[in-house]
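Participant: below: sequence and its predicted model.
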Amino acid sequence: MVCDLNVSSNTLMEQLRSGALTSEALVKESLAAIQTRDGEVGAFLSVQEEEALAQARDIDRRRAAGEAVGALAGLPVAVKDNINIEGRKTTCASKILEQFVAPYDATAIERLKQADGVLIGKTNMDEFAMGSSSEFSALGQTRNPHNLTRVPGGSSGGSTAAVAANMVPFALGSSTGGSIRQPAAFCGVVGLKPTYGRVSRYGLVAYGSSLDQIGPVAADVAGVARLYDVIAGPCHRDATSAQVEATPSLPELTQAISGLRIGLPKEFLGDAVQPEIQVALNRLVDLFRAAGATIVDVSLPHTEYAISAYYLIATAEAGSNLARFDGVRYGYRTAEDGNLRDMYVRSRSEGFGMEVKRRILLGTYCLSSGYYEGYYLQAQKVRTKIIEDFQKAFDQVDVLLAPTTPTTAFEAGAKLNDPMAMYLADIFTVTANLAGIPALSLPAGRDQAGLPIGLQMLGPHFSENRLLRAAYQAEQLLK
Ligand code: GLN
């Protein structure tokens, strides 16, 4: 049986349903693709071959027997290595958790299992999701499948590279400040950061708890919608989970939105943007206009403070969250444990990488007495202003359209020793996390070097279904 992972998840699903394809053949194809391509791409930290095949055979058997199967039945999914799968390692690409085996399933994983998604492996990332290139992984290097000298973006670079290299049709990533959209843009795939609270954070290793969200990655908008429908919705184990039912987005995805109003935020345009990205944006705007959409210029005036506010809030929360990795309860412990204090210091010094230490120091500093008001509190006020900017914009328009990133994928090593340059890679993505609104990135052509260009669409809280429909429309227009 021949199967091609380079087709849409809709087609794969149809082939599975009709019996033209078995899940076992699909999973074998996925494993073979990992075998041949992942040596150079480096998307996976671990692959669960036997379990995946056994699960696929079981699904095939149930389907053949006419038993009910789930919404993802037989489709392989890759999972970022900061999301717990019971009995498997969750390393966060960190030495401190290199041997840690998760004792329970994240809610998103529980739902994937219920939907009969085949969990094929865990993907590489920046250590503890801190970074924009996946180069801060302590456990391996991921390269951009479109050009191996370029980074895949980060921190969910393993997940987006795995989908871009046709190793899997779907992956889960997580976003605190852009870690789904930015690598999706760099790798030429679709990635959605849902509304804060829409997808349970239970079982996601916390980075910045008020910003973190799990989200889907796929080759097209329909794939993202399919995966999103499975993982979205209330969860009693996460106190920040929104008690708002999520209605399925896939059935209504192809219905065009009549009278769509699209806002272009002027702060996301201008000289800082690579000209080819600006051209791609203009092209989509023209296509939308020709299709009857109304285009409105809008302003999000506090965008210029977003990176500063984000790196204060995210690091403050990270410093607190990462205090639990102390060498005592779980994770890495130094071999030379003298007295208790030395043991803490050595375990953390040896276990955390350079960037994670920088974040902990920054976060601790901005929360310390005497600095709290000037930094953390000020950042929270900026956050409120950013939320208000979006509210005003969404009084006028249904969705916002902007570049996902100022440039296409940069060279490996280019920003490694320049934290400020690395942080600025998130300039267009952090505002959606600060405001808690949903946002996605979709591919919109390539630059002269052949690297994918990503465009971003943002919507009001809990407007995922409409956002996905608008993105689907954009995808059709760009074809
Ligand atoms: N690159 C940003 C950071 O380093 C965002 C990361 C993320 O979304 N997890 O914090």
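Facilitator: Perfect, I can see it now.
Participant: okay, CA-based contacts and neighbour counts for the rest of this
Facilitator: OK.
Participant: does Phe288 really touch Leu477, like I thought?
Facilitator: Yes - at 7.5 Å, Phe288 and Leu477 qualify as touching, with contact defined as CA atoms under 8 Å.
Participant: higher neighbour count, the two?
Facilitator: Between Phe288 and Leu477, counting by other CA atoms under 10 Å, Phe288 is the more crowded of the two (21 against 15).
Participant: surely the more buried one is in a helix?
Facilitator: Yes - Phe288: assigned to a helix according to DSSP: H, G, I helix; E, B strand; the rest coil.
Participant: quick check: residues of the stretch 301-450 of the chain near the ligand?
Facilitator: Listed as neighbours of the ligand in the stretch 301-450 of the chain under the rule CA under 6 Å from any ligand atom: Asp426.
Participant: who's in contact with Met420?
Facilitator: Not one residue lies near Met420 by CA atoms under 8 Å, 6 or more residues apart in numbering.
Participant: do that again at 10 Å, thanks
Facilitator: Ile307 (CA atoms under 10 Å, 6 or more residues apart in numbering).
Participant: tell me which helix or strand it sits in.
Facilitator: helix 419-424 (DSSP states H and E).
Participant: elements contacting the helix or strand following that helix?
Facilitator: Per DSSP H and E, the first helix or strand lying C-terminal to helix 419-424 is helix 430-435. Applying 3 or more CA pairs under 10 Å, 6 or more residues apart in numbering; DSSP states H and E, one finds that helix 430-435 contacts helix 306-321, helix 378-396, strand 439-446.
Participant: dump helix 430-435 to PDB, keeping only the CA atoms.
Facilitator: Presented in PDB, the C-alpha positions along helix 430-435 are these (Å, rounded to 0.1, in the frame of the first residue of the first chain):
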ATOM      1  CA  VAL A 430       4.000  38.400  22.000                       C
ATOM      2  CA  THR A 431       1.100  40.800  22.000                       C
ATOM      3  CA  ALA A 432      -1.500  38.100  21.400                       C
ATOM      4  CA  ASN A 433      -0.100  36.100  24.400                       C
ATOM      5  CA  LEU A 434      -0.100  39.200  26.600                       C
ATOM      6  CA  ALA A 435      -3.700  39.900  25.600                       C
END
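Participant: tell me how far it lies from the chain's centre.
Facilitator: Between the centre of helix 430-435 and the centre of its chain there are 14 Å (CA atoms, centre = their mean, to the nearest Å).
Participant: contacts only, for the residue lying closest to Ala115 once chain neighbours are set aside.
Facilitator: The shortest distance from Ala115 to any non-neighbouring residue, by CA to CA, 6 or more residues apart in numbering, is to Gly70 (4.0 Å). Going by CA under 10 Å, 6+ apart, Gly70 touches 59, 63, 111-117, 230.
Participant: cutoff 8 Å now
Facilitator: Per CA under 8 Å, 6+ apart, neighbours of Gly70: 114-117.
Participant: list only buried entries from the residues you listed.
Facilitator: 115-117 (16 or more other CA atoms under 10 Å).
Participant: and of those residues, the nearest to Val151?
Facilitator: Nearest to Val151 out of the buried ones among the contacts of Gly70 is Gly117 (CA to CA; 28.3 Å).
Participant: surely the closest one is in contact with Val77?
Facilitator: Yes - Gly117 lies in contact with Val77 (CA under 8 Å); the separation is 6.3 Å.
Participant: assumed Glu304 was part of a helix.
Facilitator: Yes - counting by three-state DSSP, Glu304 falls inside a helix.
Participant: that one: what's it in contact with?
Facilitator: Glu267.
Participant: ok, 6 Å please
Facilitator: Counting by CA atoms under 6 Å, 6 or more residues apart in numbering, Glu304 makes contact with nothing.
Participant: for the stretch 101-250 of the chain, just list every one of the strands.
Facilitator: 118-123, 170-175, 190-193, 213-218 (DSSP state E, counting those that start in this stretch).
Participant: nearest to the ligand, of those?
Facilitator: strand 170-175 (3.8 Å; CA to the nearest ligand atom).
Participant: partners of the closest one, with directions?
Facilitator: strand 76-80 (parallel), strand 213-218 (antiparallel) (DSSP bridges).
Participant: just to check, Pro403 is in contact with Ile453?
Facilitator: No - with contact defined as CA atoms under 6 Å, Pro403 does not reach Ile453; the gap is 8.5 Å.
Participant: tell me which of these two has more neighbours.
Facilitator: Neighbours per residue (other CA under 10 Å) separate Pro403 from Ile453, with Ile453 holding more: 31 against 26.
Participant: residues contacting that one?
Facilitator: Here Ile453 is in contact with 185, 443-446 (criterion: CA under 6 Å, 6+ apart).
Participant: quick revisit: could you dump the strands of the stretch 101-250 of the chain to CSV with mean neighbour count, mean pLDDT and distance to Met420?
Facilitator: Shown next, in CSV, are the strands of the stretch 101-250 of the chain (neighbours: other CA atoms under 10 Å; pLDDT from 0 to 100; distance: least, CA to CA, whole Å):
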stretch, mean neighbour count, mean pLDDT, distance to Met420
strand 118-123, 28, 98, 26
strand 170-175, 30, 98, 19
strand 190-193, 34, 98, 24
strand 213-218, 31, 98, 24
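Participant: mind giving me JSON lines with the ones you listed and columns for distance to the ligand?
Facilitator: Shown next, in JSON lines, are the strands of the stretch 101-250 of the chain (distance: least, CA to the nearest ligand atom, whole Å):
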{"stretch": "strand 118-123", "distance to the ligand": "14"}
{"stretch": "strand 170-175", "distance to the ligand": "4"}
{"stretch": "strand 190-193", "distance to the ligand": "10"}
{"stretch": "strand 213-218", "distance to the ligand": "9"}
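Participant: nearest to Ile277, out of those?
Facilitator: strand 190-193 (16.2 Å).
Participant: ok so Gly454 is a strand residue?
Facilitator: Yes - under three-state DSSP, Gly454 falls within a strand.
Participant: distance of the nearest residue to it once chain neighbours are set aside from the ligand?
Facilitator: The spatially closest residue to Gly454, leaving aside those adjacent along the chain, is Ala185, at 4.1 Å (CA to CA, 6+ apart). Look at Ala185 and the ligand: by CA to the nearest ligand atom, to the nearest Å, they are 13 Å apart.
Participant: please apply the same query to Arg237.
Facilitator: Taking CA to the nearest ligand atom, one finds Arg237 at 22 Å from the ligand.
Participant: which residue is the nearest non-sequential neighbour of that residue?
Facilitator: Tyr202 (6.3 Å).
Participant: and that neighbour, what does it touch?
Facilitator: So Tyr202 contacts 106-107, 238 (CA under 6 Å, 6+ apart).
Participant: contacting residues for Phe379?
Facilitator: Rather than Phe, residue 379 is Ala. Contacts of Ala379 by CA under 6 Å, 6+ apart are Ala309.
Participant: now with 7 Å, please.
Facilitator: 309, 312-313 (CA atoms under 7 Å, 6 or more residues apart in numbering).
Participant: cool, and Thr22?
Facilitator: Counted by CA under 7 Å, 6+ apart, Thr22 has contacts 16, 60.
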